[in-house]
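Novice: Output the structure for:
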Amino acid sequence: MVQKDFLLDFDLYICERFGYRNSLHVTPTMNGYCVDVNIKPVKLYIRFWEYSKGVGGFPDWCIILVNCNFAKKQKEELQKLVRFFKEYAPRYGYKHIGIENNQKLNEVLMLPQMRSTKDDNHVIALTGITI
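Specialist: This next block holds a predicted model:
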């Protein structure tokens, strides 16, 4: 189920950081939804899973960063994005944040690798993030 209030908060975050409104492209899925942001300074692809059924080893209620590219200040913007999720996502039921098979993202965030999968996936509880 798409959580419209959370998406409004996320869209406001993107607008405040980069000056673009209505930049989220949302695709509902069987277990949540995916968000794509493709504006000049930002390219994001993020999965918001309410139910994972163990796919990729990710837990339920997990935000999965698949692709996060910023034109400027990559490390700083990625950390700010994760801080935004740490503050807002729990209000909407999300408990974890993960990285799907993207070592470059994890070099910045340093999330623990999941042992239950052969992929290079990482995950941590939102309450455990220290950025």
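
Novice: now the residue lying closest to residue 20 once chain neighbours are set aside: how far from residue 17?
Specialist: In space, and not counting its chain neighbours, residue 20 is closest to residue 39: 4.8 Å by CB to CB, 6 or more residues apart in numbering. Yep, even glycine has a C-beta here, placed from its N, CA and C like the rest. According to CB to CB, to the nearest Å, residue 39 and residue 17 sit 11 Å apart.

Novice: on that earlier part again, so who does the residue nearest to residue 20 touch?
Specialist: By CB atoms under 8 Å, 6 or more residues apart in numbering, the residues touching residue 39 are 14, 18, 20, 23.

Novice: Just the buried ones from these?
Specialist: 14, 18, 23 (16 or more other CB atoms under 10 Å).

Novice: a markdown table for those residues, including secondary structure?
Specialist: Shown next, in a markdown table, are the buried ones among the contacts of residue 39 (DSSP: H, G, I helix; E, B strand; the rest coil):
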| residue | secondary structure |
| --- | --- |
| 14 | helix |
| 18 | helix |
| 23 | coil |
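
Novice: quick one, strands of the chain?
Specialist: 24-29, 32-39, 42-49, 62-70, 96-99, 122-125 (DSSP state E).
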